[in-house]
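Engineer: dropping the sequence and predicted coords here.
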Amino acid sequence: LRRYVTGFLSEDDMEVVMAEAPPLDMPVGSKAVVVKNLYVSCDPYMRNRMTRHELPSYIPDFVPGEVLENFGVMKVISSGHLDFKAGDLVWGITGWEEYTVINNPESLFMINHPELPLSYYTGMPGLTAYAGFFDVSKPKKGEYVFISAASGAVGQIVGQLAKIKGCYVVGSVGSDEKVNLLKTKFGFDDAFNYKKELDLKTTLRRCFPKGIDIYFENVGGTMLDAVLPNMGLGGRITACGMISQYNLERSEGVRNLYYIVIKRLRMEGFHVFNYYDRYYQFEEEMTRYLKEGKVAYVEDIVDGLDAAPAALIGLFTGRNVGKQLVAITQE
Ligand code: NDP
């Protein structure tokens, strides 16, 4: 990171530099591990960490001049920690760099199903979708579910889990190509391109004449405003994220908030960091779904760290189709 960011993130806010790799041998007793980073994840919350916050946020701000960090898939090169050995494949927080020394390897997860594409382990959107939908939205069979940013890393999984649960599912996305993806690849019942709709409130009324039972909120702003009057009585809004707000100096106001009272809604925010205890159950269930062909996963992989800044920015323009990640090196 070059500097704290204000306004829309630009490539110039980041730089790719050559630096010396850390010593690749860990002395025994150090408890640290050295990893080779294979994939790193681009996630919208990284933008939030690039702002200097007056009050402490839920996660520390990035520091200008330091290497960005985020979730990645890694191979252990050497280990001073008894639980890890060279060659282990793990995922967890690492640096946007080729090699990283991880001083708290207890935070890493072993990759239990290396028969799946390794890239599938990059990041936490799957667990976010799983915990957010099942633990927070608490869906029931037959309910009407609306998902924004529906072809993205989180949205595509929420939609498919909702179909498995027997819900009626509609998604909004920013291109016709993504609409097609939702309907043909992910099995959504309906989908629309919000950039082409003149009046989102009317579009949602058309899609949900009986009202929305669950809104899985990924974008906020004008979409949230259009959703609120379209919620059914006693509906739930699961607030996962509000990506439309992350590059704004000041959040947009929500004009229709009063519908929370009128429709007796429950709106609940959550953070995946509080659901790591669900991880192994999620991993087993999702592995089964993938192997049985019940869930499809679409990724958007760019090659090399040089391409990483543009890939991260692309999350905020909708350039990515599916889960955005960066392949740093082959195993
Ligand atoms: P995605 O893979 O969905 O990528 C972001 C997508 O958001 C873009 O492709 C674009 O899709 C859409 N988008 C970008 N800007 C806007 C905008 N101004 N208005 C409407 N849509 C926009 O990202 P993720 O699936 O990783 O993340 C989705 C949401 O989930 C984010 O808000 C993120 O912060 C949140 N999140 C929350 C977590 C938690 O623990 N609570 C954990 C992980 C993610 P399109 O072309 O369709 O517009």
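Structural biologist: Cool, the structure landed. Residues are numbered from 1 along each chain as shown.
Engineer: what helix or strand is residue 46 on?
Structural biologist: Element membership of residue 46 [criterion: DSSP states H and E] is helix 45-48.
Engineer: buried ones in that helix?
Structural biologist: Neighbour-count burial for helix 45-48 flags 46, 47, 48 (criterion: 16 or more other C-beta atoms under 10 Å). Backbone N, C-alpha and C define where each C-beta goes, glycine included.
Engineer: all the helices of the stretch 51-200 of the chain, in order from the start?
Structural biologist: Using DSSP state H, counting those that start in this stretch, the helices of the stretch 51-200 of the chain run over 125-131, 153-164, 176-184, 200-207.
Engineer: as JSON lines, those with mean pLDDT and distance to residue 28 would be great.
Structural biologist: Below are these laid out as JSON lines (pLDDT from 0 to 100; distance: least, C-beta to C-beta, whole Å):
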{"stretch": "helix 125-131", "mean pLDDT": "98", "distance to residue 28": "33"}
{"stretch": "helix 153-164", "mean pLDDT": "98", "distance to residue 28": "38"}
{"stretch": "helix 176-184", "mean pLDDT": "98", "distance to residue 28": "49"}
{"stretch": "helix 200-207", "mean pLDDT": "98", "distance to residue 28": "60"}
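Engineer: between the ones you listed, which gets nearest to residue 84?
Structural biologist: Closest approach to residue 84 among those (C-beta to C-beta): helix 125-131, 21.7 Å.
Engineer: packing partners of the helix or strand encompassing residue 234?
Structural biologist: Element membership for residue 234, per DSSP H and E: strand 231-239. Packing partners of strand 231-239 (3 or more C-beta pairs under 8 Å, 6 or more residues apart in numbering; DSSP states H and E): strand 212-217, strand 266-269.
Engineer: pick the most deeply packed of the ones you listed.
Structural biologist: Mean neighbours per residue, mean count of other C-beta atoms under 10 Å, is largest over the helices and strands packed on strand 231-239 for strand 212-217, with a mean of 26.
Engineer: okay, the angle between that strand and helix 200-207?
Structural biologist: 130 degrees (axes from the mean of the first three to the mean of the last three C-alpha atoms, to 10 degrees).
Engineer: average pLDDT across strand 212-217?
Structural biologist: Strand 212-217 shows a mean pLDDT of 98.
Engineer: cool, stretch 230-237 as well?
Structural biologist: Averaged over stretch 230-237, pLDDT sits at 98.
Engineer: kindly report the same for stretch 53-73.
Structural biologist: In this model, stretch 53-73 has an average pLDDT of 94.
Engineer: stretch 184-204: which residues count as buried?
Structural biologist: By 16+ other C-beta under 10 Å, the buried positions in stretch 184-204 come out as 186, 187, 188, 189, 191, 192, 193, 194, 200, 201, 203, 204.
Engineer: now for the residues you listed, which pair is the farthest apart?
Structural biologist: Longest span within those, C-beta to C-beta: 187 and 201, 26.2 Å.
Engineer: ok, residue 89 to the ligand distance?
Structural biologist: Going from residue 89 to the ligand by C-beta to the nearest ligand atom, to the nearest Å gives 22 Å.
Engineer: that residue contacts residue 72, doesn't it?
Structural biologist: No - judged on C-beta atoms under 8 Å, residue 89 makes no contact with residue 72 at a distance of 11.4 Å.
Engineer: residues contacting the nearest residue to residue 8 once chain neighbours are set aside?
Structural biologist: Of all residues beyond its chain neighbours, the one nearest residue 8 is residue 247 (4.5 Å), with distances taken as C-beta to C-beta, 6 or more residues apart in numbering. Contacts for residue 247 (C-beta atoms under 8 Å, 6 or more residues apart in numbering) come out as 7, 8, 9, 47, 316.
Engineer: where does residue 247 land on pLDDT?
Structural biologist: On pLDDT, residue 247 comes in at 96.
Engineer: for the one 10 residues further on, same thing?
Structural biologist: According to the per-residue confidence, residue 257 scores 96 in pLDDT.
Engineer: with residue 22 instead?
Structural biologist: Residue 22 is given a pLDDT of 88.
Engineer: count the neighbours of it for me.
Structural biologist: Using other C-beta atoms under 10 Å, residue 22 has 15 neighbouring residues.
Engineer: can I assume it is in contact with residue 102?
Structural biologist: No - counting by C-beta under 8 Å, residue 102 is not a contact partner of residue 22; they are 10.5 Å apart.
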